[in-house]
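Engineer: okay, predicted coordinates and the sequence, questions at the end:
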Amino acid sequence: MDSVLSGDISSFDHLVIRYKERLYSVLYNMTSNHEDSNDMLMETFDKAFRSLSQYRKNASFYTWIYRIAMNRTINHLNKHKKRRYDLSLNDLDSDESMERQLKDTGIITSSKQSELSELQNKLNESLQKLSEEHRAVVVLYDIDGMSHADIGKIMNCSEGTVRSRLHYAHKLLQKMLATYLDNT
Amino acid sequence: MKNEMIKDNEVNLQKLLQVKRLETPGDAYFNGFLKEFHRYQRADILKQSSLLERLHTKLQDLFFFQPAKTWAMASGMAAVLVVLSLSVAHFNNTTAASSGLVKLDASSLSSEKFQLVSDSTFERDFSSPRYVTGQTPLSYDSALAF
């Protein structure tokens, strides 16, 4: 980041390489749509590049770029409220490790594509039923593995608010995913 | 017992959600991403977005990043606008009221108290000044006779 700020523009590519996968994951889990996630990932890096002058050195680049991504996502979701997610697991490169993990956790008993797709749809459907703020904390905490403090910085709210949103979102998800939770 | 069940459900939910970490578009997508991003940036430079769209985005960013600062700025700007509009209104009134004024030699009349007569209902001769002191008319105008 220091080299980018000191004028070495090509160093920004290293930041893109470092954060692209995690940011994609957050955007995808927020929208459940590959095309939208791809567009927003481009927009996020572009916006970050153009706003480098506004970046404060004492802040973490990681939380700063996540904040840009979340801002873009929430604006996008508000604009396209009616759009539905339309990608199933079939469209993604699901590899063997996914099947292995699903079996290990007891979530599925066979590696049938239909069972995987059903789980994928149910998870996406449940996440999409949450409000943007609740979905964001679930995606950042449970899927991305971020701390409450960092989520607070990204979402511009206190750690207490993050915890309470997470608690409420978990309650809702437990109800929606009860069938799968009972099997585990 | 109930607490344990709640805890189990929580753990299971987290396990279930972690499965989504493995849901990726694959290496091919990520390997080509940087190239695509460079192409996107070049295309974006060529694309001329409308002024309104840019302003809208800028405002959205401002509100998201610095809500407190933005509200303070908005309130400040509103206050400046109110003060400006009041000043303009006051200036207009003053100009209208002073339209009948004639310059007087201040040294010769400094001890006098002057009263401006600007009633437009009078038919008057604008070529002559129409100032009166408390008692004695400075110039005579029949409309001002008292």
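Structural biologist: Everything's here; your move. Numbers count the residues shown, from 1 in each chain, chains lettered A, B, ... in the order given.

Engineer: in chain A, where is pLDDT below threshold?
Structural biologist: A:1-2, A:4, A:6-7, A:82-113, A:182-184 (pLDDT under 70).

Engineer: can you map out the helices along it?
Structural biologist: A:2-5, A:12-31, A:34-50, A:61-79, A:96-104, A:113-129, A:132-138, A:148-155, A:159-176, A:178-183 (DSSP state H).

Engineer: and for chain B?
Structural biologist: B:2-18, B:27-46, B:51-65, B:67-97, B:106-109.

Engineer: show me what from chain B comes close to chain A.
Structural biologist: B:9-10, B:12-30, B:33-34, B:36-37, B:40-41, B:44, B:60-61, B:64-65, B:67 (C-beta under 8 Å from any C-beta of the partner chain). From N, CA and C alone the C-beta is placed, and that goes for glycine too.

Engineer: adding mean neighbour count, write the helices of chain A out as JSON lines.
Structural biologist: Output for these, formatted as JSON lines (neighbours: other C-beta atoms under 10 Å in any protein chain shown):
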{"stretch": "helix A:2-5", "mean neighbour count": "13"}
{"stretch": "helix A:12-31", "mean neighbour count": "20"}
{"stretch": "helix A:34-50", "mean neighbour count": "19"}
{"stretch": "helix A:61-79", "mean neighbour count": "19"}
{"stretch": "helix A:96-104", "mean neighbour count": "14"}
{"stretch": "helix A:113-129", "mean neighbour count": "17"}
{"stretch": "helix A:132-138", "mean neighbour count": "21"}
{"stretch": "helix A:148-155", "mean neighbour count": "19"}
{"stretch": "helix A:159-176", "mean neighbour count": "17"}
{"stretch": "helix A:178-183", "mean neighbour count": "14"}
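
Engineer: would you turn the ones you listed into TSV with distance to residue B:84?
Structural biologist: Below are the helices of chain A laid out as TSV (distance: least, C-beta to C-beta, whole Å):
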stretch	distance to residue B:84
helix A:2-5	39
helix A:12-31	43
helix A:34-50	33
helix A:61-79	33
helix A:96-104	63
helix A:113-129	48
helix A:132-138	39
helix A:148-155	38
helix A:159-176	39
helix A:178-183	62
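
Engineer: how much space separates residue A:130 from residue A:175?
Structural biologist: Using C-beta to C-beta, to the nearest Å, we find residue A:130 at a distance of 12 Å from residue A:175.

Engineer: how about the helices of chain B in CSV, adding distance to residue A:146?
Structural biologist: Output for the helices of chain B, formatted as CSV (distance: least, C-beta to C-beta, whole Å):
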stretch, distance to residue A:146
helix B:2-18, 13
helix B:27-46, 20
helix B:51-65, 18
helix B:67-97, 22
helix B:106-109, 77
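
Engineer: deepest of the ones you listed, which one?
Structural biologist: helix B:2-18 (a mean of 14; mean count of other C-beta atoms under 10 Å in any protein chain shown).

Engineer: pLDDT (mean, whole number) over it?
Structural biologist: Averaging pLDDT along helix B:2-18 yields 76.

Engineer: again, but for stretch B:91-103
Structural biologist: The average of the pLDDT scores along stretch B:91-103 is 58.

Engineer: so which residue is dead centre in chain A?
Structural biologist: Chain A has residue A:26 as the residue nearest its centroid, 1.6 Å off, counting by C-alpha atoms, centre = their mean.

Engineer: you'd agree it is up against residue A:144?
Structural biologist: Yes. Judged on C-beta atoms under 8 Å, residue A:26 makes contact with residue A:144 at a distance of 5.7 Å.

Engineer: for residue A:33, phi and psi?
Structural biologist: phi -140, psi 120 (degrees, to the nearest 10).

Engineer: nope, residue A:55 is what I was after
Structural biologist: Residue A:55 adopts backbone torsions of phi -70, psi 130, taken as degrees, to the nearest 10.

Engineer: thought it was touching residue A:65?
Structural biologist: No. In this structure, residue A:55 is not within contact of residue A:65 by C-beta under 8 Å, at 9.1 Å.

Engineer: overlap in contacts, these two.
Structural biologist: Jointly contacting residue A:55 and residue A:65 under the rule C-beta atoms under 8 Å, 6 or more residues apart in numbering or on different chains are residue A:48.

Engineer: for the residue in chain B that chain A sits nearest to, give its distance to residue A:24.
Structural biologist: Per C-beta to the nearest C-beta, residue B:26 is where chain B lies closest to chain A, at 3.2 Å. Residue B:26 sits 11 Å away from residue A:24, going by C-beta to C-beta.

Engineer: format the CA atom coordinates belonging to stretch A:150-168 as PDB.
Structural biologist: What follows is stretch A:150-168, C-alpha atoms only, in PDB (Å, rounded to 0.1, in the frame of the first residue of the first chain):
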ATOM      1  CA  ASP A 150     -13.700  -5.100  11.900                       C
ATOM      2  CA  ILE A 151     -17.300  -5.600  10.900                       C
ATOM      3  CA  GLY A 152     -18.200  -2.600  13.000                       C
ATOM      4  CA  LYS A 153     -15.700  -0.500  11.200                       C
ATOM      5  CA  ILE A 154     -16.900  -1.600   7.800                       C
ATOM      6  CA  MET A 155     -20.600  -1.200   8.600                       C
ATOM      7  CA  ASN A 156     -20.000   2.000  10.500                       C
ATOM      8  CA  CYS A 157     -21.700   0.800  13.700                       C
ATOM      9  CA  SER A 158     -20.700  -0.400  17.100                       C
ATOM     10  CA  GLU A 159     -19.600  -3.900  18.000                       C
ATOM     11  CA  GLY A 160     -22.700  -4.300  20.100                       C
ATOM     12  CA  THR A 161     -24.900  -3.600  17.100                       C
ATOM     13  CA  VAL A 162     -22.900  -6.200  15.100                       C
ATOM     14  CA  ARG A 163     -23.500  -8.800  17.800                       C
ATOM     15  CA  SER A 164     -27.200  -8.000  18.100                       C
ATOM     16  CA  ARG A 165     -27.700  -8.100  14.300                       C
ATOM     17  CA  LEU A 166     -25.800 -11.400  14.200                       C
ATOM     18  CA  HIS A 167     -27.900 -12.900  17.000                       C
ATOM     19  CA  TYR A 168     -31.100 -11.900  15.300                       C
END
